[in-house]
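Chemist: here you go, sequence then predicted model.
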Amino acid sequence: MTLSLRAPLTIIEQQVYHYLLDHLAEHTFQPSVREIGRHCRIASTKSVTDLLASLESKGYLEREPGRSRGVKLLGHAAPTGVMPVPVVQVAAGQHAPVVASYLSLDRSLVPSAECFLVAVPGSDAKALGVQAGDFVLVHPVARSRDGDVVVVRIEGRAVVRTMTRRGQAVVLSAADGLDAHELGPHDDFAVLGVLAGVIRPPAAPADVPPGDD
């Protein structure tokens, strides 16, 4: 049996719920019923009110009767205590990462304001707790020491490795059975920073055969 704290949302309920989250984060107050209707292209204010009532019954929010903006998102404290963290892209020959978007994280999870996120495309760092598709949190100003786990751009790809220094070269240790890799001044690479955390996007739900619960 699957235990769920909150009932699943319909497509339109999810659209309204996400708009409430985004509006609160941007403006620090909730939109009115009419604003919700305009944004979500819902012509009837009664339909919006019914959707809010459904979100309340499913455990996503609470409403204050008689108030146009009287919506409280349960368990949501933004924008207090969160910060936008850049999500960057890396490319071959790149001197510095390029910001592609931002992801809001709890500030207690981010060790420094200079930190950024980068996607790891490969699955060759499972021994270090990183899988393909993960976002790794990079601390670019932390001084890396031999044996630290670092995020490195090698040509156009970000990898996670344990690093040691050998003169002007760096040696990236084996991960998941791969051979150690030595990089020198003439190689196209950059040490982006020390690994400070891993964020794993949720996997798509698997199909459940009929009759299973």
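Modeler: Nice, I can see it. Keep in mind that this is a model prediction, so the values were computed, not measured. Numbering: from 1, shown residues only.
Chemist: and Ala91, how far from Val151?
Modeler: Ala91 is 15 Å from Val151, where distance means C-beta to C-beta, to the nearest Å. Just so you know, the C-beta spots here come from the backbone N, C-alpha and C atoms, and that holds for glycine as well.
Chemist: those two: which is more packed in?
Modeler: When neighbours are counted by other C-beta atoms under 10 Å, Val151 comes out ahead of the other of Ala91 and Val151, with 28 against 11.
Chemist: quick one: contacts for the more buried one?
Modeler: For Val151, the contacting residues are 118, 120, 136, 138, 158-160, 191-195, taking C-beta atoms under 8 Å, 6 or more residues apart in numbering as the criterion.
Chemist: now render those residues as CSV, adding distance to Pro111.
Modeler: As requested, the contacts of Val151 are arranged in CSV below (distance: C-beta to C-beta, whole Å):
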residue, distance to Pro111
Val118, 16
Val120, 19
Val136, 13
Val138, 10
Ala158, 19
Val159, 21
Val160, 17
Val191, 17
Leu192, 15
Gly193, 11
Val194, 9
Leu195, 11
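Chemist: and the end-to-end length of stretch 164-182?
Modeler: In stretch 164-182, first residue to last residue: 9 Å (C-alpha to C-alpha, to the nearest Å).
Chemist: just the residues contacting that stretch, thanks.
Modeler: Applying C-beta under 8 Å, 6+ apart, the external contacts of stretch 164-182 come out as 123-128, 146-147, 152, 154, 159-163, 183-185, 189, 191.
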